[in-house]
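pasting the sequence and the predicted model now:
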Amino acid sequence: MSITSAKTGSTSLSLALENNFMEPIASVIVGASTSNTIEFADIPQGYKHLQIRGIAKTTRSGAYNYANDFTINFNSDYSNNYSAHGIYSFGSIYAFGLADYNTILFQSAAADGDGVIPNIFGASVIDILDYSNTNKFKTAKGLTGTLTTADYVDMLAINSGNWRSFNPIENIQIKASFNFKQNTRFSLYGIKG
Amino acid sequence: MAAKTGTYSLIASTTLASATGTVTFSSVPQTYTDLIVVSSRQQASAARLYIRFNNDATSVYSDVWLSGEGATVYNGRDTSSTAISIGGIWNGTTTTTWATNTTHIMDYANTTTFKSTITRDSNDKAGTGTVEAMIGLYRSTSAITTVNVVGGSNFSIGSTFKLYGIEAAK
């Protein structure tokens, strides 16, 4: 496949540095030794926005709903400083809106059903806006979902969340009630502004 | 934690000079972590938008979708499908508006996991239309080397399709 530069029109195999408005900061791939917490620490403050991209699965064996999927916190703040809104679809069974978590940014999808459906992982893309701004509360939005084996368990969500703090986001905690399964992957990117 | 090299690289792009039902990106480089397909489309008649991989048209795809159409919300689920539904129905009559779609293909080169997609689609029809989100699954552990974007009816001349690569930090 030829690769054509959107910027110069030239054909090249190394366009990454030409399109460097988005840069990879760090990435975590869960190995054989699993954990229920992933943290991005010492986040550089030189970008405008952050994006988290990833696939996730927990070691939970049954088929459950979203209640134990992964959550996000900033700067290890687990107090009641968060609020959120979301639109959810659980398969074709029902859809609803949800508001006001207090101690987490919002929940995102990690597939469960380990052992029955070992290869299915939930997918998430989460944008964190103006993360280093000291004059704004921090806002994030997410698009997340997972497909499993049961209609009521399949989940798709569009989320927005708010962290009521003027502090710059220096670290991000991603947690699940069960350990993340091997091959779970979270990647953090910086968006230039 | 130091920043690495750039990402969000344009891999391939096409603007249709003639109507066609399928746009294929083949020989996709395996060097990225995720792929993103961005499209702007019109179609010949009322039809949805689909994606499949590696020219695999067997019943190994499933999806869940959430749609806002006017003031009404719909949701649904497709199982054992021959492609992932990633776009709302183009009505085939509006000539001045274009439906837009962004589909993320996660961990496309991973040979251990099934492949997940996540999509936002907007399909304005000059007063009506839809906005949709979808989660999709390709039940294969094969690396994705070919991406097929499939219209339920032909894509119109001028429709654009771009494939980007997202590289994670190593």
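Perfect, thanks for sending it.

rest of the way, CA atoms for contacts and neighbours
Noted.

low pLDDT regions in chain B?
Under the criterion of pLDDT under 70, the regions of chain B flagged as low confidence span B:1-6, B:91-94.

tell me the centre residue of it?
Within chain B, the residue whose C-alpha comes closest to the C-alpha centroid is B:Thr103; the distance, by C-alpha atoms, centre = their mean, is 4.5 Å.

residues contacting B:Arg120?
Residues in contact with B:Arg120 (C-alpha atoms under 8 Å, 6 or more residues apart in numbering or on different chains) are B:86, B:101-103, B:131-134.

find the nearest non-adjacent residue to it, please.
Spatial nearest neighbour of B:Arg120, excluding adjacent residues (C-alpha to C-alpha, 6 or more residues apart in numbering or on different chains): B:Ala133 at 4.6 Å.

thought that neighbour was touching B:Ser67?
Yes: counting by C-alpha atoms under 8 Å, B:Ser67 is a contact partner of B:Ala133 at 6.6 Å.

so between these two, which is more surrounded?
When neighbours are counted by other C-alpha atoms under 10 Å in any protein chain shown, B:Ala133 and B:Ser67 differ, and B:Ala133 comes out ahead with 28 against 20.

so that one lies in a helix, does it not?
No: checked against DSSP: H, G, I helix; E, B strand; the rest coil, B:Ala133 lies outside a helix; its state is strand.

what sits against it?
A:156, A:158, B:65-67, B:86, B:118-121.

wait, the residue nearest to the centre of chain B touches B:Asp34, no?
No: the pair B:Thr103 and B:Asp34 does not pass the contact test of C-alpha under 8 Å, sitting 10.5 Å apart.

what touches both of these two?
Among the neighbours of B:Thr103, none is also in contact with B:Asp34 (C-alpha under 8 Å, 6+ apart).

mind listing the strands the strand or helix carrying B:Arg120 pairs with, and their directions?
In the assignment (DSSP states H and E), B:Arg120 maps to strand B:115-124. The strands beside strand B:115-124 in its sheet (DSSP bridges) come out as strand B:99-106 (antiparallel), strand B:129-138 (antiparallel).

and it, C-alpha only, in CSV?
What follows is strand B:115-124 as a C-alpha-only set of coordinates in CSV (Å, rounded to 0.1, in the frame of the first residue of the first chain):
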residue,chain,number,x,y,z
LYS,B,115,-11.4,-7.3,17.1
SER,B,116,-13.6,-4.5,18.4
THR,B,117,-14.8,-1.5,16.6
ILE,B,118,-16.4,1.7,18.0
THR,B,119,-18.2,4.2,15.8
ARG,B,120,-19.9,7.6,15.6
ASP,B,121,-22.0,8.3,12.6
SER,B,122,-24.1,11.3,11.6
ASN,B,123,-26.5,11.3,8.7
ASP,B,124,-28.2,14.6,8.3
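
quick one: that strand to chain centroid distance?
Between the centre of strand B:115-124 and the centre of its host chain there is 6 Å, according to C-alpha atoms, centre = their mean, to the nearest Å.

next: stretch B:78-93.
Stretch B:78-93 has its average C-alpha position 10 Å from the chain's average C-alpha position, going by C-alpha atoms, centre = their mean.

now it - C-alpha only, PDB.
What follows is the C-alpha trace of stretch B:78-93 in PDB, where atoms were taken according to Å, rounded to 0.1, in the frame of the first residue of the first chain:
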ATOM      1  CA  ASP B  78     -27.200  -7.700  15.400                       C
ATOM      2  CA  THR B  79     -25.700 -11.100  15.900                       C
ATOM      3  CA  SER B  80     -24.100 -13.600  13.500                       C
ATOM      4  CA  SER B  81     -24.000 -10.900  10.800                       C
ATOM      5  CA  THR B  82     -21.900 -10.900   7.700                       C
ATOM      6  CA  ALA B  83     -20.600  -7.400   8.500                       C
ATOM      7  CA  ILE B  84     -20.700  -4.800  11.300                       C
ATOM      8  CA  SER B  85     -23.300  -2.100  10.900                       C
ATOM      9  CA  ILE B  86     -21.500   1.200  11.300                       C
ATOM     10  CA  GLY B  87     -23.800   3.800   9.800                       C
ATOM     11  CA  GLY B  88     -27.400   4.900   9.700                       C
ATOM     12  CA  ILE B  89     -29.700   4.700   6.600                       C
ATOM     13  CA  TRP B  90     -28.800   7.100   3.900                       C
ATOM     14  CA  ASN B  91     -32.100   8.100   2.300                       C
ATOM     15  CA  GLY B  92     -30.800   8.400  -1.200                       C
ATOM     16  CA  THR B  93     -32.600  11.600  -2.100                       C
END
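
list the buried ones in it?
B:78-79, B:81-92 (16 or more other C-alpha atoms under 10 Å in any protein chain shown).

which two in these are spaced the farthest apart?
Between any two of the buried residues of stretch B:78-93, the greatest separation by C-alpha to C-alpha is 26.5 Å, found for B:Thr79 and B:Gly92.

these two touch, right, A:Val30 and A:Thr59?
No: in this structure, A:Val30 is not within contact of A:Thr59 by C-alpha under 8 Å, at 11.8 Å.

now do the shared contacts for these two.
When contacts are counted by C-alpha under 8 Å, 6+ apart, A:Val30 and A:Thr59 have A:180-181 as shared neighbours.
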